[in-house]
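>>> Sequence and predicted structure, then a few things I'm wondering about:
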Amino acid sequence: MSNHPLLEVKDLTTSFFTSRGEVQAVRGVSFDVSPGEIVGIVGESGSGKSITCMSILRLLKSNGRVVAGQAHFEGQDLLKLAEHDMRKLRGDDIAMIFQDPMTSLNPTLTVGEQIIETIIAHRGSSRKAARQRAIELFELVKIPEAASRLNSYPHEFSGGMRQRVMIAIALCCDPKLLIADEPTTALDVTIQRQILLLLKEIQARLGMAIILITHDLGVIAEVADRILVMYGGMVMETGSVDTVFARPNHPYTQGLLTSVPKLRTAHKERLRPIPGSPPDMLRPPVGCPFAPRCLRAMQICVGEVPPIFEMGDQQTHKAKCWLHHPDAPTNDEGAA
Amino acid sequence: MLAYLAKRVGMMIITMFLIITLTFFLMHAIPGGPFTSEKMLAPEIEAALNAKFGLDDPIWVQYINYLKGILTFDLGPSFKYPGVRVNDLILDGLPVTAQTGFLALLCVAALGIPLGVLAALNQNKWQDTAVMMFATIGVAIPSYVVATVALYFFALKLNLVPTFGLDDWRGYILPVVALSGFWLSFIARLSRSSLLEVLGQDYMVTAKAKGLHPFTVLFKHGLRNALIPIVTVLGPVVANLLTGSFVIEQIFALPGIGRHFVLSISNRDYTTIMGITIFYAAFLMVMILIVDMLYMLLDPRIKLAEKSK
Amino acid sequence: MSDAKTSIPSKNWAPARLGKGEAEYIAAPSLTYWQDVRQRLWQNKPAMLGLTFILFLIGAAFLGPLITPHTYYDQDLKLSNIAPILEVYEVDDGQGAPTYFFMNSGNFKLYETNEHGALKSILRAKKKDLIKKRHIYEFGDQQVFVDFSQLPARLLDAEENQLAVYGTKWNQTYWFGTDSLGRDVLVRQLYGARISLTVAFIATLVNFFIGIFYGGISGYFGGNVDNVMMRIVEVIATIPLTLYVILMMVVLQSGFISIIVAIGTVFWVDMARIVRGQMLTLKNQDYVDAARTMGAGTWRILTRHLLPNTIGPILVTLTLLIPSAIFIESFMSFIGLGVSVPMASWGTLTSEAVETLRAYPYQLFFPAAAISLTMFAFNFLGDGLRDALDPRLRT
């Protein structure tokens, strides 16, 4: 991997200011993405994974604000960029795909128009050239009869096809970073796989970096290089997919992995769901956000947020858990 | 599209026929003939009048005759003004009603929508509060109250505008304001909530994420979609501007159709009541058709729904 | 936050004592839907203000006329067009007995009052000089001229000096003044409120039942029944309803019952559509299937499962239907097609006030204010209810 990350997020903190108080959606998230890398962010709904990406692209709802942190993209801090320059980056160098292709496309414009306007906005090309490019993109994402389908409206497409349209729009300016926010969640299971494979194939061909947000560990295992496990607005564990899946070092990651059904286990194992529900981010726990649900919680976990510990096995493998403090009592159950 | 249009026009003709029939029989269900109420008339004169207007024919003959008249755009004679036909009364009032009505509609669209947009874009800020306050007042106060209070202050007290008539451009101000007040506020509220709804849609985030210019995002993606529900109510708005004009023309003594209508009611001039009702209904049908066409242009999903039927 | 390297006292490493169910407790407390609705409605100040006003109005409209000394139909032509606020003058008759009076600026007549503003009677002019446009009144040996050669009219004493106002008093006899027939405006106002509210409530109720019935049947049965019924609704919806109400009123002749019938039978279309829409979406919900599997009959499903769940939007439509019924009623009365004399409604009161607008503008104030405030109140309540029932729609 290259030494210069494409995107470097440091201590990102985002809050929403509602009538009921401040909702601390993201609390000090740091990670980086190298060029050409696929980073998977996994977490339950409300863990702050989507908000992290929306903060980076500065597409938060009007009551949301990045309170602190930096997000360097090719050296410049996106959070300090003038809105005008930020706009030029969006859809060009950084593109995004959303969860629900049913609602993410404008129902009153043809899909062709929705691609063409993006190309024209960034490339300033003629309508004709833009249309030609749109046809190429449709072929790239494998939409049959590309030229004639450009004149269709979103409601004339199936869910999977619409997501392909969304991907085509995202790809129209050869982005360096593609953020895919649960791109398969709203689709049928069979379609999900097609879209994932398509993303992977396109990544291999065009070589952009991808941040893939999902709550589906299977998706991460299939396509991502690196994984970020988020909970309660914080990164709980991070590392290469292989390492984290083989040796999860955070009780939450361990919980997540044991709650996923496996087909190829030797003996019939009971699925173990994680008890409890995610914290209320209006009043997040003082200590580790996972402590209230953690079977191995200690006094300190309740009172203090754990720092990040580097795991010995691999440089990039880190976990935010007191169990890895040198003074912590050794208890080998579960921890590798 | 053409098939749909044909279907709509067909529906319209059926509806018109129903309205004409309903109106005709309602008017003839009134106890006593149109001339019985007048004490001065001797029985033989009344009989002569009945014969003159064909009122001694059986009701179905009268009905057929009336339908025949309508097919040739003839709404029959007025019972109260000798020698005057209902057509003349309508043509006489049409310019005034059309002018004030059109100006009011213009006010509703050209002020209501921008005010709503302004409020939505500044949600919970002072602009929003101001627009919503104005709109709440406008929706709550009935048009005839606005008209009379405005008449008192601006015409009688301050002498800024004439109390009646349209000889001067200033004469239009109060009638148009009173006529459009409610619907202006209504459209402002509707535009605001509609745009807010659209602004919260995922495709608006998509549009922003594509790096489009804020104006493109707002107008091409936001407003276009937000206009759809607004356009659907424009038909009823026109209808209500028309009925609203009855009172407004009365208060400001404007010689429009509405005034003829209200006068014909108090005169029990049944042919005029009937004729003007039918005229209004026909006008409204056409307006609603136009609005529907506009709606189809804005929302491509409608066409599909019709095709698949 | 502590550093990874600092050592930490060992007691902190003891297992955390989390109570049973602690993990579940973390989530925000949940309320039932109706508790939530009630809470949101209580917190909505305009809606509560509207509700308070409506309750007050209902109370005043039904109890008010019982406790006032006047009736809505009693005329006293001698005391017509008296304003609610009087500029009282004092004149001494020379023997030390003061007389208090005020001038009606509309008809230049003087009326005697007591010093607090309670009305006694009309005063007779000694002489009417129509050439110099003045009336001469005598109080003992004092003379007072009403000079209306120029407007506004002035009160002059014997030396042609303008009289000084003794005090501005609230009319103690007729709090809101009297109308052109000398009837008490306050009691007519309250009576008008009673008529307007009664018409609005009954007409809304009639609409409500027709709408529920029609929409319920259409939505519940679906298929062809639904198709035909909705076609009919479509046709009705294109007919301008105000016109239809006018026609009905012309046919039925104006009156209290007619206006209820006319409004009540016309405005149910929206209600029917909403009920039908709710029915259609709810019909396919799992809990209805569940109820059907358990052998519940059509009627039971309709009343126990579907109606309670459609009540939200219906309630909102209902609260917004009332002000439009009030409006239509007053509109009809205003153009002379509403209730008939001597009954009063806000519409008739307004149109009566318009006739005397030039001379007695205050007569417009009360009916105009009453109807506007009532419309405000119902609109606030309706908006509040809508926000409370469906926070998603909150804008």
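Perfect, I can see it now. Numbering: from 1, shown residues only, chains lettered A, B, ... in the order given.
>>> Helix, strand or coil: sort out residue A:260 for me.
Classification of residue A:260 using DSSP: H, G, I helix; E, B strand; the rest coil returns coil.
>>> Report how many residues lie close to it.
For residue A:260, the tally of surrounding residues (other C-beta atoms under 10 Å in any protein chain shown) stands at 11. In short, each C-beta sits where N, CA and C put it, glycine included.
>>> And for it, nearest residue in space, chain neighbours not counted?
Among residues not flanking residue A:260 along the chain, residue A:217 sits closest, at 5.4 Å (C-beta to C-beta, 6 or more residues apart in numbering or on different chains).
>>> looking at it, the one you found is touching residue A:258, isn't it?
No: taking contacts as C-beta atoms under 8 Å, residue A:217 lies outside contact range of residue A:258: 10.8 Å.
>>> Just the pLDDT for the residue of chain A found nearest chain C.
Going by C-beta to the nearest C-beta, chain C is nearest to residue A:276 of chain A, at 2.8 Å. Per-residue pLDDT puts residue A:276 at 76.
>>> And what about residue A:239, helix, strand or coil?
Criterion first, three-state DSSP; result for residue A:239: strand.
>>> show me what contacts it?
A:226-227, A:311, A:314, A:316-318 (C-beta atoms under 8 Å, 6 or more residues apart in numbering or on different chains).
>>> could you redo the last one with a cut-off of 7 Å?
Residues near residue A:239 by C-beta atoms under 7 Å, 6 or more residues apart in numbering or on different chains: A:226-227, A:314, A:316-318.
>>> Nearest residue to the residue most central in space within chain B in space, ignoring adjacent ones along the chain?
The residue lying closest to the centre of chain B (C-alpha atoms, centre = their mean) is residue B:239, at 2.6 Å. Leaving aside its chain neighbours, residue B:239 sits nearest to residue C:240 (4.6 Å; criterion: C-beta to C-beta, 6+ apart).
>>> give me every residue that touches the one you found.
Contact analysis of residue C:240 by C-beta under 7 Å, 6+ apart lists B:239, B:243, B:280-281, B:284.
>>> and with 8 Å instead?
Contacts of residue C:240 (C-beta under 8 Å, 6+ apart): B:239, B:242-243, B:280-281, B:284.
>>> In helices only, show me those residues.
Members of the contacts of residue C:240 lying in helices (criterion: DSSP state H): B:239, B:242-243, B:280-281, B:284.
>>> sorry, back to before: please check the contacts of residue C:240 and keep the buried ones.
Neighbour counting with 16 or more other C-beta atoms under 10 Å in any protein chain shown marks B:239, B:242-243, B:280-281, B:284 as buried within these.
>>> Return the member of those nearest to residue A:184.
Ranked by distance to residue A:184 (C-beta to C-beta), the buried ones among the contacts of residue C:240 are led by residue B:239 at 48.6 Å.
>>> if I read this right, the closest one contacts residue B:286, doesn't it?
No: using C-beta under 8 Å, residue B:239 is not in contact with residue B:286, being 11.5 Å away.
>>> For residue B:255, which three-state class applies?
Following three-state DSSP, the label given to residue B:255 is coil.
>>> Quickly note the distance from it to residue B:247.
Noted for residue B:255: a distance of 15 Å to residue B:247, by C-beta to C-beta, to the nearest Å.
>>> neighbours around the residue nearest to residue A:260, how many?
21.
>>> What of residue B:14?
12.
>>> go on, residue A:184?
Residue A:184, neighbours per other C-beta under 10 Å, totals 23.
>>> Could you do the one 3 residues further on as well?
As a burial measure, the neighbour count of residue A:187 was computed by other C-beta under 10 Å and equals 23.
>>> residues touching the closest residue to it other than its chain neighbours, list them.
Leaving aside its sequence neighbours, residue A:187 sits nearest to residue A:159 (C-beta to C-beta, 6+ apart; 5.3 Å). For residue A:159, the contact set (C-beta under 8 Å, 6+ apart) comprises A:101-102, A:186-188, A:191.
>>> In those, which residue is surrounded by the most others?
Ranked by neighbours (other C-beta under 10 Å), these are led by residue A:101, which has 26 neighbours.
>>> That residue and residue B:203: what is the separation?
Here the distance between residue A:101 and residue B:203 works out to 10 Å (C-beta to C-beta).
>>> do the same with residue C:245
42 Å.
>>> Equivalent analysis for residue C:106, please.
In terms of C-beta to C-beta, residue C:106 sits 63 Å off from residue B:203.
>>> Pick out whichever of the two has more residues nearby.
Neighbours were counted for residue C:106 and for residue B:203 using other C-beta under 10 Å; residue B:203 has more, 23 against 17.
>>> which SS state does the more buried one fall under?
Residue B:203 - assigned by three-state DSSP - is helix.
>>> same check, this time on residue C:131
Applying three-state DSSP: residue C:131 is coil.
>>> cool, and residue A:14?
Under three-state DSSP, residue A:14 comes out as strand.
>>> give the contact list for the residue nearest to residue A:260.
By C-beta under 8 Å, 6+ apart, the residues touching residue A:217 are A:42, A:256-257, A:260.
>>> and the closest residue to residue B:217 other than its chain neighbours, how many neighbours does it have?
Among residues not flanking residue B:217 along the chain, residue B:207 sits closest, at 4.6 Å (C-beta to C-beta, 6+ apart). For residue B:207, the neighbour count with other C-beta under 10 Å is 27.
>>> Report the contact partners of residue A:169.
Applying C-beta under 8 Å, 6+ apart, the residues near residue A:169 are A:91, A:95, A:114-115, A:118, A:137, B:206, B:210.
>>> Over to residue B:203?
Residues near residue B:203 by C-beta under 8 Å, 6+ apart: A:103-107, B:221.
>>> Which secondary structure state is assigned to the closest residue to it other than its chain neighbours?
Leaving aside its chain neighbours, residue B:203 sits nearest to residue A:106 (4.4 Å; criterion: C-beta to C-beta, 6+ apart). At residue A:106, secondary structure determined by three-state DSSP is coil.
>>> Quick check: residue A:106 touching residue B:221?
Yes: Residue A:106 lies in contact with residue B:221 (C-beta under 8 Å); the separation is 5.4 Å.
>>> Turn the contacts of residue A:169 into JSON lines, columns for neighbour count and pLDDT.
Conversion of these to JSON lines gives the following (neighbours: other C-beta atoms under 10 Å in any protein chain shown; pLDDT from 0 to 100):
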{"residue": "A:91", "neighbour count": "27", "pLDDT": "89"}
{"residue": "A:95", "neighbour count": "28", "pLDDT": "93"}
{"residue": "A:114", "neighbour count": "27", "pLDDT": "93"}
{"residue": "A:115", "neighbour count": "26", "pLDDT": "93"}
{"residue": "A:118", "neighbour count": "28", "pLDDT": "93"}
{"residue": "A:137", "neighbour count": "22", "pLDDT": "92"}
{"residue": "B:206", "neighbour count": "27", "pLDDT": "92"}
{"residue": "B:210", "neighbour count": "27", "pLDDT": "92"}
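>>> Most widely separated two among those residues?
Maximum distance among these (C-beta to C-beta): 15.6 Å, for A:137 and B:206.
>>> Sketch out the strands for the chain, chain order is fine.
Just so you know, I chose chain A. All strands of chain A, identified by DSSP state E, fall at A:7-18, A:21-33, A:38-42, A:64-73, A:76-77, A:94-97, A:177-181, A:209-214, A:226-231, A:234-240, A:309-310, A:318-319.
>>> look at chain C instead
Using DSSP E, strands in chain C cover C:85-92, C:98-104, C:109-113, C:119-122, C:127-129, C:134-139, C:142-147, C:154-157, C:167-170.
>>> Walk me through which strands the fifth one pairs with, and which way each runs.
Spelled out, it's strand C:127-129. Taking DSSP bridges as the criterion, strand C:127-129 forms sheet pairs with strand C:134-139 (antiparallel).
>>> of all of the stretch 101-250 of chain C, which residue lies closest to chain B?
When distances are taken as C-beta to the nearest C-beta, the stretch 101-250 of chain C reaches nearest to chain B at residue C:242, 3.9 Å away.
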